[in-house]
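A.B. asks: What shape does this take:
(one chain, ligands or ions: 1)
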Amino acid sequence: MTQVHNFIAGEYVASERRFKKYSPVTGEWIADIHEASREQVDAAVRAARDALNGPWGQMPLQARIAILEKVVDGITRRFDAFLAAECADTGKPTALARSLDIPRGAANFKVFADMVKDVPGECFETATPDGRGAINYSVRAPVGVVGVICPWNLPLLLLTWKVGPALACGNTVVVKPSEVTPQTAAMLGEVMNEAGVPPGVFNVVHGFGPDSAGEFLTTHPWVDAITFTGETRTGAAIMQAAAIGARPVSLEMGGKNAALIFADCDFDAAVEGTLRSAFANSGQVCLGTERVYVERPIFERFVAAMKTATEAMRIGAPDEASTQMGPLVSKEHQAKVLSYYQLAREEGATVVTGGGIPDMPAALKDGSWVEPTIWTGLPEDARVIKEEIFGPCCHIAPFDREEDAIALANATDYGLSAAIWTTNLARAHRVARQVNAGIAWVNSWYLRDLRTPFGGAKQSGIGREGGVHSLEFYTELKNICIKL
Ligand code: NAD
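C.D. replies: This next block holds a predicted model:
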């Protein structure tokens with residue numbers, strides 16, 4: 001049985017307590033995960049502190065960048081092993097992980113290693129009463145030991161999205177990957193050692209949230225900052241833990257994202273983009289669309305086209321070349337999503353397509369499968385419209401006026417992203433500015449440039465990461481004033 005160890009101070013470390021990892025594809029037991037004890041989390045944080053005060057903290061920027069470039073090479077060299085581990089943990093189609101998860105895992109180190117090479121500083125000449133003046137200039141210091149708490153939907157991609165800039169800025173990290181998808185995080189340890197990252201700079205501790213590694217890490221007094229991606233409820237708990245010691249937090253949380261489809265859109269592109277935004281990664285994308293609003297003249301046609309396209313999607317095992325959608329990540333998550341499928345019926349939805357478990361071949365029967373599902377006809381106050389489901393499903397409703405579409409998009413506690421489909425340029429700008437979300441896509445979805453600000457409004461997040469915004473979170477800006 002595969003053993004997934006903690007990685008502390010440059011070494012793989014076993015734990016007495018272990019928990020089982022099951023395949024989302026077949027339901028088989030595929031690995032034992034070593035759950036870090038409070039003492040092991042403490043050892044990881046101490047190792048991170050020592051590395052910060054020692055070799056990593058003293059290392060010239062150029063040497064640090066050279067090491068991070070070797071990390072990129074290390075991931076690239078082990079591409080197939082990372083791919084296999086990510087697909088085994090998540091069940092996502094190999095084609096998706098090959099084009100997105102693993103390349104982005106490497107790119108997240110490259111982009112931020114490049115970015116820290118030329119971070120601009122501020123400088124001011126200041127008048128003084130003696131006429132000799134002073135110079136003020138700013139420098140960026142690492143924020144310290146960073147606690148990194150990650151979700152299961154894009155495990156390597158979202159972990160490196162935080163670890164890449166954190167290390168580029170000279171911090172040390174203790175990572176707590178999701179208990180559901182811990183393998184690629186652990187594999188990174190080997191890459192770090194091989195690249196020459198000093199022991200203690202990168203640590204991984206496995207376990208759960210409350211009364212486990214997540215809580216031990218976020219409440220540890222030697223953790224200087226916490227960066228988190230996951231559910232809004234968990235983010236609130238982490239923020240409370242961070243309040244002790246007034247530690248900064250960056251929170252990337254849930255969404256209930258809307259797509260606004262105007263009658264003047266490129267119809268086929270809107271159908272293709274909305275289909276992708278609802279069902280990519282089995283709907284387990286924080287930026288995914290669960291609420292679709294369509295201008296009334298094209299409503300019926302749009303629903304019909306979505307139904308046809310959804311029913312043509314091929315559901316299957318990750319390694320089948322034809323697979324477009326895999327299972328959900330776990331049995332627990334399958335039960336949650338199916339409970340919403342049931343709730344939608346109770347709340348009066350018309351099930352356009354899906355709504356259950358697909359008929360799978362015998363070898364896959366015990367996987368966490370659900371059908372991609374489309375509903376219409378729900379009232380706007382239905383729980384299915386209000387709550388994040390995080391599955392391959394969406395509700396489609398008509399609207400009549402532009403202002404109605406904006407009001408519907410904004411009628412949510414969340415504010416992560418929106419997708420606007422129109423060929424009217426003035427409308428695109430007007431609507432994009434009025435939707436209350438951290439990211440508004442026009443005529444696209446999930447088109448990412450890592451230099452841009454990424455994060456959510458309202459209950460979808462606090463702070464922004466990406467580009468210089470990551471550098472701001474992972475550094476402490478210091479002003480130096482020299483009297484001349
Ligand atoms: P989750 O909140 O259940 O878990 C995330 C991580 O937090 C896990 O590692 C978990 O063990 C840990 N955790 C749980 N309770 C904790 C506690 N009390 N203290 C410390 N750590 C704790 O989220 P999930 O189910 O893994 O991921 C899905 C969620 O993530 C969805 O809500 C999705 O929208 C969100 N998400 C957001 C973004 C974004 O960028 N905004 C990206 C991906 C996923």
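A.B. asks: what sits against Val148?
C.D. replies: Leu159, Lys162, Val163, Ala166, Val173, Val174, Val175, Lys176, Ile226, Thr227, Phe228 (C-beta atoms under 8 Å, 6 or more residues apart in numbering). Every C-beta, even on glycine, is put in place using the N, C-alpha and C of the backbone.
A.B. asks: from the residues you listed, which single one is nearest Lys331?
C.D. replies: Taking C-beta to C-beta as the measure, Lys331 lies nearest Lys176 of the contacts of Val148, at 22.0 Å.
A.B. asks: Quick check: pLDDT value at that closest one.
C.D. replies: According to the per-residue confidence, Lys176 scores 98 in pLDDT.
A.B. asks: what residues are up against whichever residue of the chain sits closest to the ligand?
C.D. replies: Closest contact between the chain and the ligand, by C-beta to the nearest ligand atom, is at Gly209 (2.1 Å). Contacts were defined as C-beta under 8 Å, 6+ apart; by that measure Gly209 touches Glu215, Thr234, Ala237.
A.B. asks: Over to Val384?
C.D. replies: Tyr340, Leu343, Ala344, Glu347, Ala349, Trp375, Leu378, His395.
A.B. asks: Under a three-state scheme, what state does it occupy?
C.D. replies: helix (DSSP: H, G, I helix; E, B strand; the rest coil).
A.B. asks: State the number of residues packed around the closest residue to it other than its chain neighbours.
C.D. replies: Excluding the flanking residues, the one nearest Val384 by C-beta to C-beta, 6 or more residues apart in numbering is Ala344, at 4.6 Å. Around Ala344 there are 24 other residues, counting by other C-beta atoms under 10 Å.
A.B. asks: who touches the residue most central in space within the chain in this structure?
C.D. replies: Most central in the chain under C-alpha atoms, centre = their mean is Leu158, positioned 4.4 Å from the mean C-alpha point. Contacts for Leu158 (C-beta under 8 Å, 6+ apart) come out as Cys150, Pro151, Thr229, Glu252.
A.B. asks: Of these, just say which sits nearest to Trp369.
C.D. replies: Among the contacts of Leu158, and counting by C-beta to C-beta, the member closest to Trp369 is Pro151, at 20.8 Å.
A.B. asks: and the closest residue to that closest one other than its chain neighbours, what are its phi and psi?
C.D. replies: Spatially, and ignoring its direct neighbours in sequence, Pro151 is nearest to Gly230 (4.4 Å; C-beta to C-beta, 6+ apart). Dihedral pair for Gly230: phi 170, psi -160, per degrees, to the nearest 10.
A.B. asks: Gly230 touches Leu154, doesn't it?
C.D. replies: No - contact criterion C-beta atoms under 8 Å: Gly230 and Leu154 do not qualify, at 11.8 Å.
A.B. asks: Who has more neighbours out of the two?
C.D. replies: Leu154 (26 against 23).
A.B. asks: and the gap between that one and Ser282?
C.D. replies: 12 Å (C-beta to C-beta, to the nearest Å).
A.B. asks: What residues does the protein have near the ligand?
C.D. replies: Counting by C-beta under 6 Å from any ligand atom, the chain comes close to the ligand at 149-153, 158, 176, 178-179, 208-210, 214-215, 218, 229-231, 234, 237-238, 252-255, 286, 388, 390, 416, 456, 460-461.
A.B. asks: Which one of the contacts of Leu158 is nearest to Arg49?
C.D. replies: Nearest to Arg49 among the contacts of Leu158, with distances taken as C-beta to C-beta, is Cys150, at 21.1 Å.
A.B. asks: can you pull the contacts of that closest one?
C.D. replies: Leu158, Leu159, Lys162, Val175, Lys176, Pro177, Ser178, Ala185, Thr229, Gly230.
A.B. asks: Spell out, range by range, the helices that occur in the stretch 1-150 of the chain.
C.D. replies: 38-53, 55-58, 61-77, 79-90, 94-96, 102-115 (DSSP state H, counting those that start in this stretch).
A.B. asks: Same check on the stretch 201-350 of the chain?
C.D. replies: 213-218, 232-243, 267-279, 299-311, 331-346.
A.B. asks: ok, and for the helix or strand just after the last one, which residues are buried?
C.D. replies: Spelled out, that is helix 331-346. On the C-terminal side of helix 331-346, the nearest following helix or strand under DSSP states H and E is strand 350-353. Within strand 350-353, the residues that count as buried by 16 or more other C-beta atoms under 10 Å are Val351, Val352, Thr353.
A.B. asks: Bridged to the last one, which residues?
C.D. replies: Going back to what we said before, that points to Thr353. Ile374 (DSSP bridges).
A.B. asks: picking that back up, would you mind listing which of the residues of the chain next to the ligand are buried?
C.D. replies: Judged by 16+ other C-beta under 10 Å, buried ones among the residues of the chain next to the ligand: 149-153, 158, 176, 178-179, 209, 214-215, 218, 229-231, 234, 237-238, 252-255, 286, 388, 390, 416, 456, 460-461.
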